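Visitor: Pasting the sequence and the predicted coordinates here, then a few questions.
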Number of protein chains: 2
Amino acid sequence: MGEDRTARTAVRTITDLARLAGVSPGTVSRALAGKSLVNTKTREKIEAIAREHGFRPNQMASGLRRQKTGVIGVVIPLGHDTRQQISDTFFMTLLGFLADELTLRGYDLMLRRVVPKDDADWLDRFIGSGMIDGVIVIGQSDQFDRIEEVADGYGPMVVWGNHAEGQRHCVVGTDNRLGGRLAAERLIAAGARRLAFLGDTTAIEFAARLAGAEDVAQRLSLPPIIELPAHLSPERASDEIARHLEAVMGRIDGIFAATDTLAALCLTALRTRGVAVPGDIKLIGFDDLPIASHTVPLLTTVKQDIAAGARGLVDLLLRRLAGEQTESLVLPPQLVVRQTA
Amino acid sequence: MGEDRTARTAVRTITDLARLAGVSPGTVSRALAGKSLVNTKTREKIEAIAREHGFRPNQMASGLRRQKTGVIGVVIPLGHDTRQQISDTFFMTLLGFLADELTLRGYDLMLRRVVPKDDADWLDRFIGSGMIDGVIVIGQSDQFDRIEEVADGYGPMVVWGNHAEGQRHCVVGTDNRLGGRLAAERLIAAGARRLAFLGDTTAIEFAARLAGAEDVAQRLSLPPIIELPAHLSPERASDEIARHLEAVMGRIDGIFAATDTLAALCLTALRTRGVAVPGDIKLIGFDDLPIASHTVPLLTTVKQDIAAGARGLVDLLLRRLAGEQTESLVLPPQLVVRQTA
DNA sequence: CGGTAAATTGCAAACGTTTGCAAGATTCCT
DNA sequence: AGGAATCTTGCAAACGTTTGCAATTTACCG
């Protein structure tokens, strides 16, 4: 009964709590904030009451007053292909690591997926909402210019993506060009000479991967790499891949897929038409997603260190929040040789 | 130059904007809210100025005043196995669909991953933060009781997971028991008689799947199903699976894996030891993740409709926010026959 | 014990928005 | 033209915290 009575007293606000403790709201605020300006005994009493009633301060009010929210925005721009990242294991895994890393650093994560094409204002709207202290953009998609503009006037932003000479926004990402070189070199070491690149190069990360491969092809005076554009969503990609193979079969002996997902689809398509891998065609992917170690034959690929990427993103963002100027962070990819090349 | 001057006038608050428009803040608020109480001409003028200066109202302040934030919390409790869901494609895909669905309905998404073991207070803390209007819990993990308690005093919560007789919290999920039946029936139809279940049954969803399979085994007077517990993270699971196979090989001819991910690992392990699938052992998974259509041989599995699940979660939550009482939603799983059984 | 320094508290004004109420301006009718 | 009805607008009080400043209490010292 007595317990009932105390439990019944709803104590939602710091003022309720203050009344119960017989002090002023200000004191309660200070006590809960753990500042040293309040008497130890008072603090303990207040903490006890707070615990007993399960009191939690309203973060909205706190955020408004302090002009900071403790929330980091994470935004995934869905480019050309709206359905793109939904199936994209890479981005989702990165998101998982980001959530962990941010939690660890005491921040909450607000997720937003946007379609820039329908909503030119996507980035400013998020930043201007007053809900977030900083923003992490996952993937530049085709929004490089928009991001550059924003970066001029807004500090606490870090982007996952490709690093270009002289760009103004702070980016974390794999050295895609180097990755492309590694991939091409591996294909060639495995005996391939006439290469194709599978993937849509309007995404600048992919373009950079192709460029790296082309570096190698040129250096060795191989024929130019054939581009085979493909969407990332499995439904669409399957057809596209089939058509591409139809067209180029016999003229190539090595395929560099922009993504493990594409590589896996490609592998299936090749098997369907009875093409031996790596016998007739060598194949290499990118990312080293779980799927790469489940295909038959096992997929040779270029690994991105996703956990390190997430750590880098958060680290740089928090340093920028603290007012620091930060350079971009370019992570080295790593060749993982399995069976397809 | 003129443009420079106007652009320079920082207009962050509704009051700034009011001053520029020569009206009171209240009028600006009403104009921007699109209420009909303001003169068309005034509204247009205000909207023009707002657009010109890229004004966005502060959502924190708005949220505080209106006592609603337009944000839905999504929380993933990491149970027994901390690293669990990070690699779990299923949860991540669900999250992606949730993000889409919430955006569509005009809500933002706040993501939190918690380790209940280290933080008994995880759910109340999130709810009491004042930052969210409602919460979606992805996966009951081993927190069924905690969730039940909270459900008694807090309406706007919907949980992804398993539905049990007479439970008090509103849940959306696949009929796991039925799924288990479908799986067992398929294994048996393919010729298996001595079944094993691969997965950790302290997760109640998995327990229900096993229960469904046992229903069938009992009905047909087959020997009891052998349990092979395994973690979900690939690193740990591989070893565990290898050990399990070592122990039971020759005594079973059908494996029901709790998850496609486990099934894929299992398939690899079986190939390593030269066991023919489906020749010597039939195998079936659960979920129908992308990986299921990339293994060799292709994985037979029980499909969960993730998109429908996300839609259901959001729909029920919004109805609860509107004050409605809602029943749980149980989705039918669907057998997808491929090559492993 | 008087007096100063330090520690502790209360007061009240912010943070930026929304909204009930009432005042002022228009419109419309007779 | 006079007055009621309807539109528009402004005023000011919230929403729940935090924090500078000042007032009060306590501790300390000679």
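Guide: In hand now; what should we look at?
Visitor: Show me the strands in the stretch 51-200 of chain A, by range?
Guide: In the stretch 51-200 of chain A, strands defined by DSSP state E, counting those that start in this stretch lie at A:71-77, A:108-114, A:134-138, A:157-160, A:171-174, A:195-198, listed in chain order.
Visitor: residue contacts, A:Ala184?
Guide: Applying C-beta atoms under 8 Å, 6 or more residues apart in numbering or on different chains, we find A:Ala184 in contact with A:Leu195, A:Gly212, A:Ala213, A:Glu214, A:Asp215, A:Val216, A:Ala217, A:Ile225, A:Phe256. Yep, even glycine has a C-beta here, placed from its N, CA and C like the rest.
Visitor: Now secondary structure too, for the residues you listed, in TSV please.
Guide: Formatted as TSV, the entries for these read as follows, by DSSP: H, G, I helix; E, B strand; the rest coil:
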residue	secondary structure
A:Leu195	strand
A:Gly212	helix
A:Ala213	helix
A:Glu214	helix
A:Asp215	helix
A:Val216	helix
A:Ala217	helix
A:Ile225	coil
A:Phe256	strand
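Visitor: which of those residues lies closest to DNA strand D?
Guide: Proximity of those to DNA strand D was ranked by C-beta to the nearest atom of the strand; the top entry is A:Gly212 with 48.9 Å.
Visitor: what's the domain layout of chain A?
Guide: A:2-57, A:71-174+A:306-331, A:176-303 (automatic domain parsing).
Visitor: Return the residues of chain A in contact with DNA strand D.
Guide: Contact residues, chain A versus DNA strand D (C-beta under 7 Å from any atom of the strand): A:12-15, A:25-26, A:29-30, A:32-33, A:57-58, A:61-62, A:64-66.
Visitor: Going through the residues you listed, which ones are buried?
Guide: Burial by neighbour count, 16 or more other C-beta atoms under 10 Å in any protein chain shown: within the residues of chain A next to DNA strand D this picks out A:Ile14, A:Ser29, A:Arg30, A:Leu32, A:Pro57, A:Asn58, A:Ala61, A:Ser62, A:Leu64.
Visitor: Against chain B, how distant is the first one?
Guide: When C-beta to the nearest C-beta, to the nearest Å is applied, the distance between A:Ile14 and chain B equals 12 Å.
Visitor: Over to A:Tyr154?
Guide: 12 Å.
Visitor: nearest residue to that residue other than its sequence neighbours?
Guide: Using C-beta to C-beta, 6 or more residues apart in numbering or on different chains and skipping the chain neighbours, the partner closest in space to A:Tyr154 is A:Ile127 (5.8 Å).
Visitor: Count the neighbours of A:Val23 for me.
Guide: Other residues lying near A:Val23 total 18 when counted by other C-beta atoms under 10 Å in any protein chain shown.
Visitor: A:Gly153 is in contact with the residue nearest to A:Tyr154, correct?
Guide: No - because the distance of 9.4 Å does not satisfy C-beta atoms under 8 Å, A:Ile127 is recorded as not touching A:Gly153.
Visitor: who has more neighbours, those two?
Guide: Each of A:Ile127 and A:Gly153 had its neighbours counted (other C-beta under 10 Å), and the higher figure belongs to A:Ile127 (20 against 8).
Visitor: The more buried one: what's it in contact with?
Guide: A:Ile127 touches A:Gly73, A:Val135, A:Val150, A:Tyr154, A:Met157, counting by C-beta under 8 Å, 6+ apart.
Visitor: Export these as TSV, with columns for pLDDT and neighbour count.
Guide: As requested, these are exported to TSV (pLDDT from 0 to 100; neighbours: other C-beta atoms under 10 Å in any protein chain shown):
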residue	pLDDT	neighbour count
A:Gly73	97	24
A:Val135	97	21
A:Val150	92	20
A:Tyr154	87	16
A:Met157	96	22
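Visitor: In those residues, find the pair that's most separated.
Guide: Of all pairs drawn from these, the widest gap by C-beta to C-beta lies between A:Gly73 and A:Val150 and measures 12.5 Å.
Visitor: out of the buried ones among the residues of chain A next to DNA strand D, which are inside helices?
Guide: Judged by DSSP state H, those include A:Ile14, A:Ser29, A:Arg30, A:Leu32, A:Ala61, A:Ser62, A:Leu64 as members of helices.
Visitor: How many residues are close by A:Phe197?
Guide: Counted by other C-beta under 10 Å, the residues lying close to A:Phe197 total 26.
Visitor: ugh, typo on my part, it should be A:Val115
Guide: Neighbouring residues of A:Val115 were enumerated by other C-beta under 10 Å; the total is 14.
Visitor: wait, it sits on A:Asp121?
Guide: No - using C-beta under 8 Å, A:Val115 and A:Asp121 do not qualify as a contacting pair, with a distance of 11.7 Å.
Visitor: Could you check which residue of the stretch 151-300 of chain A lies nearest DNA strand C?
Guide: The minimum distance from the stretch 151-300 of chain A to DNA strand C, using C-beta to the nearest atom of the strand, falls at A:Tyr154 (16.1 Å).
Visitor: Now A:Glu227: closest residue in space, sequence neighbours ignored.
Guide: Residue nearest to A:Glu227 in three dimensions, not counting chain neighbours: A:Phe197, with 5.5 Å by C-beta to C-beta, 6+ apart.
Visitor: ditto for A:Asp253
Guide: Take A:Asp253 and drop its neighbours on the chain: the residue closest to it by C-beta to C-beta, 6+ apart is A:Ala192, 4.7 Å away.
Visitor: how many other residues sit next to the one you found?
Guide: The tally of other residues near A:Ala192 (other C-beta under 10 Å) stands at 23.
Visitor: so how far is DNA strand D from it?
Guide: Taking C-beta to the nearest atom of the strand, to the nearest Å as the criterion, A:Ala192 is separated from DNA strand D by 62 Å.
Visitor: hang on, the earlier thing: quick check: the farthest pair among the buried ones among the residues of chain A next to DNA strand D?
Guide: By the measure C-beta to C-beta, A:Arg30 and A:Leu64 form the most distant pair in these, at 18.2 Å.
Visitor: From start to finish, how long is stretch A:279-291 in a straight line?
Guide: As for stretch A:279-291, its first-to-last residue distance stands at 21 Å under the measure C-alpha to C-alpha, to the nearest Å.
Visitor: Is any residue of that stretch near chain B?
Guide: Yes - shown here: stretch A:279-291 in contact with chain B (C-beta under 8 Å from any C-beta of the partner chain) through A:Pro290, A:Ile291.
Visitor: what's the spacing between that stretch and its chain's center?
Guide: How far stretch A:279-291 lies from its chain's middle: 22 Å, per C-alpha atoms, centre = their mean, to the nearest Å.
Visitor: Just the C-alpha atoms of stretch A:56-65, please, in PDB.
Guide: Extracted C-alpha coordinates of stretch A:56-65, given in PDB (Å, rounded to 0.1, in the frame of the first residue of the first chain):
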ATOM      1  CA  ARG A  56      14.000  10.400 -16.700                       C
ATOM      2  CA  PRO A  57      14.700  14.000 -17.800                       C
ATOM      3  CA  ASN A  58      13.000  15.100 -21.000                       C
ATOM      4  CA  GLN A  59      15.700  15.100 -23.700                       C
ATOM      5  CA  MET A  60      13.700  17.400 -25.900                       C
ATOM      6  CA  ALA A  61      13.600  20.100 -23.300                       C
ATOM      7  CA  SER A  62      17.200  19.500 -22.400                       C
ATOM      8  CA  GLY A  63      18.200  19.600 -26.000                       C
ATOM      9  CA  LEU A  64      16.400  22.800 -26.600                       C
ATOM     10  CA  ARG A  65      17.900  24.600 -23.700                       C
END
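Visitor: How far off centre is that stretch?
Guide: 29 Å.
Visitor: what's it in contact with?
Guide: Counting contacts by C-beta under 8 Å, 6+ apart, the residues touching stretch A:56-65 from outside are A:12-14, A:29, A:32, A:69-71, B:58, B:60-61, B:63-64, B:69, B:124-125, B:128-131.
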